[in-house]
Structures are given as structure tokens and as C-alpha cells.
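Asker: this one's sequence-less:
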């Protein structure tokens, strides 16, 4: 088995297995140091980020909102984890020179052309729908996909099936090349 | 910075580093999986699950950590999961990978990130409505596969390993 891929980077099996070790270490470390078992997850941070931004406009509105009150708008362990992902990816991509400014991803360009505007609208609308779904399902591919599956949670198996099943159908419709 | 923030930051940096090294942050890898042409993200994710599953269940058995299942709220997980999948296909990132993609220079991920922050705000506004509808339909609670199937977890885990390894062999044979 090749540990390096032909485009640089590591074998996904190796990088994934190391992520598994990180998940174990993280669960142990949070239990020992914070006194609470924290599992890897990212999507609640988007709720907190929305709360912080809304607070600038109307702090009362955020304080009165049931969901923001439930999830607590604060910079917690997970918020810093999400910020860390940015820096980890930045460090790794600079180290192996795979850092690249990309305007439009190739697969998108094949179907919708090089327009940044169209890509922006697609990503923005997709983002809204995806996050409403992730919050409703109470997790994303990190919280359900990784952490939930590792714990053999029933909700994780159902969520991941729905994520991917719907993704396959929608991707087939959206990226289907026009027959010319 | 508090200890939990520092711990989160360090964990996140390693998380982001591994996501980038596994090359799973890319739009093309995520959409490639949904188009059934490139299974890199599944190789990565399932490898992490195989390793993590053993360690986490072992630590839970030893009483070192506690498991924390997310509730199997049927309407929420099924409808929310479908919405997520639909948005994911168009956006080409999930919440964690969008941040990492920005880190490796794929700056168009910013539009996805802004969309997701708006989506979170939308959800917060609609929460009372969802709470009385979708979230109220049927909640099976925080359940794990061992309780549902009646099988011991150390019976399920080897079966899961065998199934995933068979899938990996299939991916490699088909060059996916």
C-alpha cells in the first residue's frame, strides 16, 4: 500500500487512522483536563458564530432566542477546535506546497463555468440548507459521521445514510453534464 | 485562554493537518464521492472510525470516559440528514472541511462558510417551529447499536471492521 499519493499528501487510510488516534486522545484528554468528555464536532460552532454576529446588531434578540440560549454563545472548546482546523490545514498545505488559491473548483467549473458569482451563490445557498439540516439532525459528518459512528450510535448510522444518500441523488442531478 | 480553549485549539490544528494531508478538504473529493467516482473521503473517514471505535469503546468499558450518543430523534435525523445531504452536494464542503479548505487557499469556501452561518441563524429563528413539529414526532432517545440489536458491542465491532475492510478492497479493485 502506498503511504503517499501520486498528487502528494498521505494515503487517506494512514491520515484517517491517525485521525482515529486523535479522536481517542481527544476524548481522553478532555475528560481528564476539563472533566467532561468532548467528542469531535464542528457544526454547533456555526450557531455560536451566528450568535456573536447577531449580538453586534441586537444583543437582546440573541438573549431572547431559545436556541442561542440552549447552545450558549461563547468561545468554547469546539469553537477553538474549528479555528484550529484552519491553521492545521494552512500549516500542512504550506509545508507540502499544496496551498493554492482557487477561485472555482474544477468539478464545479466543468458544469457551471468559471464564474465566481455563480459558485458563490451555489455555495451560499447550499450552506444555508446544509446547516439548517445539520442543526436539525444535531450533527454533521464530524459529530455524527466520526464521533457518533465510533460510539456505535444509532443516530449516526441513520444520519450518515441520509447525508450520503441524498448527496448522491442531488449531486447526480446538479452535476449531470448536459448532453450536447 | 482557558485550558479547554487551548486544548480545543491544539486538537483542531492536528485535526486540520490530518484532513489536509488526507486531501479530503477539496470540493472535488467531496463531490467526487457523491458522484461515486472517488472514495477518498470514505477511505479517510472509515479508517478514522475503525481505529476510534476500538479505543473509545475500550475506554468506556474501563470507565475512563463516558459515551455520549446523539438522540435518535427520527424526524430530526431523517429530514435534517436529507437537508444536509442536499446542501452538501451543492456546497461541496461539510462544516469542518469548509474551514480547512479556506486554510489551504480554496478561498471560495468563504461563501459556503457565510451560507452556513446564515443557515445557523435561520435555524435559531425557526427552532420553536421545529421543536413543535419535526423534533416532536418520535424520539427514540440516546441509543446505541448494542441495545437495539441485543448484540454485544465486541461482537458488532469485529463485524464492522470486516465489512469496512471488504469495502476498502472493493474501492481499491475498482480504483475508486
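Answerer: Everything's here; your move. None of these values were measured; they are calculated from a predicted model.

Asker: Not counting sequence-adjacent ones, nearest residue to the most centrally placed residue in chain A?
Answerer: Centroid-nearest residue in chain A: residue A:42, 5.9 Å away (criterion: CA atoms, centre = their mean). Distances taken as CB to CB, 6 or more residues apart in numbering or on different chains place residue B:96 nearest to residue A:42, at 4.1 Å, with adjacent residues excluded. Backbone N, C-alpha and C define where each C-beta goes, glycine included.

Asker: Touching, the one you found and residue A:83? I think so.
Answerer: No - with contact defined as CB atoms under 8 Å, residue B:96 does not reach residue A:83; the gap is 11.7 Å.

Asker: ok, the nearest residue to residue A:177 once chain neighbours are set aside to residue A:124 distance?
Answerer: Closest residue to residue A:177 apart from its sequence neighbours, by CB to CB, 6+ apart: residue A:111 at 6.8 Å. Separation of residue A:111 from residue A:124 (CB to CB, to the nearest Å): 17 Å.

Asker: Same drill for those two, tell me which one is more crowded.
Answerer: residue A:124 (20 against 14; other CB atoms under 10 Å in any protein chain shown).

Asker: Kindly confirm whether my reading is correct that the more buried one touches residue B:110.
Answerer: No - contact criterion CB under 8 Å: residue A:124 and residue B:110 do not qualify, at 9.7 Å.

Asker: which residues of chain A fall in helices?
Answerer: A:12-33, A:43-57, A:59-64, A:66-71, A:77-95, A:106-112, A:116-137, A:149-150, A:154-174 (DSSP state H).

Asker: I'd like those laid out as TSV, including distance to residue B:34.
Answerer: Formatted as TSV, the helices of chain A follow (distance: least, CB to CB, whole Å):
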stretch	distance to residue B:34
helix A:12-33	16
helix A:43-57	19
helix A:59-64	35
helix A:66-71	29
helix A:77-95	21
helix A:106-112	10
helix A:116-137	12
helix A:149-150	18
helix A:154-174	4
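
Asker: Need the pLDDT of the nearest residue to residue A:106 once chain neighbours are set aside.
Answerer: Nearest non-adjacent residue to residue A:106, counting by CB to CB, 6+ apart: residue B:28, 5.7 Å away. At residue B:28, the model reports a pLDDT of 95.

Asker: buried set for the host helix or strand of residue B:28?
Answerer: Here residue B:28, judged by DSSP states H and E, is contained in helix B:27-34. For helix B:27-34, the neighbour count (16 or more other CB atoms under 10 Å in any protein chain shown) marks B:27, B:28, B:29, B:30, B:31, B:32, B:33, B:34 as buried.

Asker: Likewise for stretch B:59-73?
Answerer: By 16+ other CB under 10 Å, the buried positions in stretch B:59-73 come out as B:59, B:60, B:65, B:67, B:68, B:69, B:70, B:71, B:72, B:73.

Asker: now stretch B:103-113
Answerer: B:103, B:104, B:105, B:106, B:108, B:109, B:111, B:112, B:113.

Asker: again, but for stretch A:17-30
Answerer: Buried-residue list, stretch A:17-30, by 16+ other CB under 10 Å: A:17, A:18, A:19, A:20, A:22, A:23, A:24, A:26, A:27, A:28, A:30.
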